[in-house]
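>>> Compute the structure for the input listed below.
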Amino acid sequence: TRSTRDWSSDVCSSDLVLESAMDFKNRIINSDQIRGAMIFEFFSPGIPLILKNAGCDFIIFDMEHGGLSLEQFKNLAAISNANKILPFIRIPELSYNYITRALDLGAAGIMTPMVNSAEEAKTIVQSSKYPPLGVRGAGFGFAHDNYVNKNPLSYIQEANKKLINIIQIETSSGLKNVEEIASIDGVDCLWVGHFDLTNFLEIPGDFKSPIYLDAINRIVSAAKSNNKSLGIMVNSKSELEMYSNLGFNIIAVGTEMKLLGDGISNLLN
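Below is the predicted model:
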């Protein structure tokens, strides 16, 4: 037995989770093509495996519009991490409490809606990272590190590196400030909330409008200029191809309600 704890020699399942997350983070940094799904309604324990088998690399569980609770997410995150499909969560609002609790429950990263300014983006980054890079409170041996007691200093460094912050650009203010938002260190992905963006641009649902397309081009340019990834949700193969061609590298399919409804309708009609 060891009389003193040799933290550096501990290899456990939490290391595998960190390794998987770091690989994903490197793909984000390199703007690699990554595919996943957004889940709004079907919070079944089987969903992570179904999506993993379908070829998804990640899942974004929605807390903004769906009825997801943090307790439900805790269970889904554990299943996802165990099966090497990374769990993200869209929190309902910019809140230190939501950000830190979701991360402690096992989220690989946070999607924050309605980000309007560089100042808000800085607040998100600081809330998500441990000191000295941020103000996230420290608690170890919990769900986020698979209940393993390992070297806290090593965990802090790795957690700060692997965390992924997805910032939603979906308001006129967010669009106006997108270049400044994209320049913030710790912002990893600009995610277009396309329907909200058309609403705030006063062209609701008009995705062919020059106003919308100009906005998309501006967001793409801001991301590329600052080496950030670009994300969006699509519900058809044609949309996936269109946004891929525009420069979006992180694409999620959704909603699962529409995809299920369309699939059933196509069989019955």
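>>> C-alpha from now on. contacts and neighbour counts both.
Fine.
>>> chain center to stretch 68-78: distance?
Offset of stretch 68-78 from its chain centre (CA atoms, centre = their mean, to the nearest Å): 15 Å.
>>> swap in stretch 34-47?
For stretch 34-47, the distance to the chain centre is 13 Å (CA atoms, centre = their mean).
>>> Quick one: end-to-end length of that stretch, please.
With CA to CA, to the nearest Å applied, stretch 34-47 spans 19 Å between its terminal residues.
>>> buried residues in it?
Using 16 or more other CA atoms under 10 Å as the burial criterion, the residues of stretch 34-47 that qualify are 34-41, 43, 47.
>>> Then stretch 74-91?
For stretch 74-91, burial by neighbour count (16+ other CA under 10 Å) applies to 74-82, 84-91.
>>> Can you list the neighbours in contact with stretch 48-62?
With CA atoms under 8 Å, 6 or more residues apart in numbering as the contact definition, stretch 48-62 has outside contacts at 34-40, 68, 73, 76, 79-80, 83, 85-91, 252.
>>> Filter those residues down to the ones in helices?
The subset of the contacts of stretch 48-62 located in helices under the criterion DSSP state H comprises 73, 76, 79-80.
>>> For the stretch 51-200 of the chain, just list every one of the strands.
Assignment of strands within the stretch 51-200 of the chain using DSSP state E, counting those that start in this stretch yields the ranges 58-62, 86-90, 109-112, 164-169, 189-192.
>>> Please compute how far the third one lies from its chain's middle.
By that I understand strand 109-112. Relative to its chain's centre, strand 109-112 lies at 5 Å (CA atoms, centre = their mean).
>>> Parallel or antiparallel, list what pairs with it.
When pairing is defined by DSSP bridges, strand 109-112 lines up against strand 86-90 (parallel), strand 164-169 (parallel).
>>> Ok, the first one next?
The partner list of strand 58-62 in its sheet, established with DSSP bridges, is strand 34-39 (parallel), strand 86-90 (parallel).
>>> Give me the mean pLDDT for that strand.
If you average the pLDDT over strand 58-62, you get 98.
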